[in-house]
Structure formats: structure tokens, C-alpha cells
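# here is a sequence with its predicted model. Questions after.
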Amino acid sequence: MLPALGAVAIIVPLYYLAKPGQPTPYDWFPYAALIVVVVVTVYAFVLNRSDSGLAGRVGSLVADD
């Protein structure tokens, strides 16, 4: 529930950061954010493929805290 509230709270600032019509260099922010998301997703996929137990260990660490 709390992560969903955090996501909702950050939607408005992200919209104003990435809305159309921003002056340069702010107009490329959506593309930079998309590139970061893609790179991190590929990196996570590669790490998970190389060590299949990694996701379970990370999940157990997060669940313990």
C-alpha cells in the first residue's frame, strides 16, 4: 500500500518535469529517463540470468527489513 501511495505522490512532479514544451535541455528528460529504465532492466535481467538465486536473496533481504 505504501509504495502505491509513493508512486501516486510522485506522478505530478514527474509530469511537470517531462511535460511537452520544456526549454532545452529539459526537453530531453523523458528520453534520458527511458534510457535509464531500459539499461537498469537489462542489467537486472543479465544479473538474474548469471545467478538465478540472486532474486531470491535480494527478496529475502528486503522482506527481513
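Right, received. Where do you want to start?
# before we move on, what SS does Gln22 have?
What DSSP: H, G, I helix; E, B strand; the rest coil gives for Gln22 is coil.
# what mean pLDDT does the longest helix along the chain have?
With DSSP state H setting the assignment, residue counts place helix 29-50 as the longest helix in the chain. What helix 29-50 shows for mean pLDDT is 89.
# which neighbouring elements make contact with it?
For helix 29-50, the packing partners by 3 or more CB pairs under 8 Å, 6 or more residues apart in numbering; DSSP states H and E come out as helix 2-18, helix 54-64. All C-beta atoms are positioned from the backbone trio N, CA, C, and that covers glycine.
# what pLDDT does Ser60 get?
Reading off the confidence values, Ser60 has pLDDT 72.
# export the helices and strands packed on helix 29-50 as JSON lines, with columns for mean neighbour count.
Putting the helices and strands packed on helix 29-50 into JSON lines (neighbours: other CB atoms under 10 Å) gives the following:
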{"stretch": "helix 2-18", "mean neighbour count": "10"}
{"stretch": "helix 54-64", "mean neighbour count": "10"}
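# dump those into CSV; add distance to Ala32 as well.
Shown next, in CSV, are the helices and strands packed on helix 29-50 (distance: least, CB to CB, whole Å):
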stretch, distance to Ala32
helix 2-18, 10
helix 54-64, 26
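# now the longest helix of the chain and helix 2-18, what's the angle there?
140 degrees (axes from the mean of the first three to the mean of the last three CA atoms, to 10 degrees).
# run through who's touching helix 29-50.
Leu17, Ala18, Gln22, Leu54, Ala55 (CB atoms under 8 Å, 6 or more residues apart in numbering).
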